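*Asks:* What follows is a predicted structure for the sequence shown.
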Amino acid sequence: ARLDATIPLLTLPEELAAEARGPASDPDNPLFRDVGTNVLKSRLRSHPDVARRHYADLPETRVETRASPV
């Protein structure tokens, strides 16, 4: 992948938009216009232990501690 590439914004024709199902976007998994940002986001999520060690300054790597259910 070209990490410096950007994803173009496309306008969906009205007749196709009317048939679209599902959410327009996923708030838990946003897509960014920069390919490199999406690749990094994916790697951080796939390897959280490595992300915490090497990218601790990024907000995406901070893990909340939660009580486990009993």
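*Replies:* Perfect, I can see it now. Residues are numbered from 1 along each chain as shown.

*Asks:* which regions of this protein lie under the pLDDT threshold?
*Replies:* Low-confidence segments of the chain, defined by pLDDT under 70, are located at 60-70.

*Asks:* mind running it again at 90?
*Replies:* Residues of the chain that meet the criterion pLDDT under 90 lie in 1, 9-10, 12, 17, 20-31, 45, 52, 55-70.

*Asks:* Break down it into its helices, ranges please.
*Replies:* Taking DSSP state H to define them, one finds helices in the chain at 14-17, 35-46, 48-54.

*Asks:* So which of those helices is nearest Arg2?
*Replies:* When those are compared by C-beta to C-beta, helix 35-46 sits nearest Arg2, at 6.3 Å. Every residue, glycine included, has its C-beta placed from N, CA and C.

*Asks:* what sits up against the closest one?
*Replies:* Applying C-beta atoms under 8 Å, 6 or more residues apart in numbering, the contact partners of helix 35-46 are 1-7, 31-32, 51, 55, 58, 60-61.

*Asks:* Output the helices of the chain as TSV; include the columns distance to Pro23 and mean neighbour count.
*Replies:* Shown next, in TSV, are the helices of the chain (distance: least, C-beta to C-beta, whole Å; neighbours: other C-beta atoms under 10 Å):
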stretch	distance to Pro23	mean neighbour count
helix 14-17	13	8
helix 35-46	18	14
helix 48-54	25	13
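
*Asks:* Which of these sits closest to Asp26?
*Replies:* Comparing those against Asp26 with C-beta to C-beta, the closest turns out to be helix 35-46 (12.2 Å).

*Asks:* Only alpha carbons, please: show the closest one as CSV.
*Replies:* Taking Å, rounded to 0.1, in the frame of the first residue of the first chain, the C-alpha atoms of helix 35-46 are listed here in CSV:
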residue,chain,number,x,y,z
VAL,A,35,-4.0,5.4,3.9
GLY,A,36,-1.0,5.5,6.3
THR,A,37,-3.2,6.5,9.2
ASN,A,38,-5.6,3.6,8.5
VAL,A,39,-2.7,1.1,8.3
LEU,A,40,-1.3,2.4,11.6
LYS,A,41,-4.7,2.2,13.2
SER,A,42,-5.1,-1.4,12.1
ARG,A,43,-1.7,-2.4,13.3
LEU,A,44,-2.2,-0.7,16.7
ARG,A,45,-5.5,-2.6,17.1
SER,A,46,-4.0,-6.0,15.9
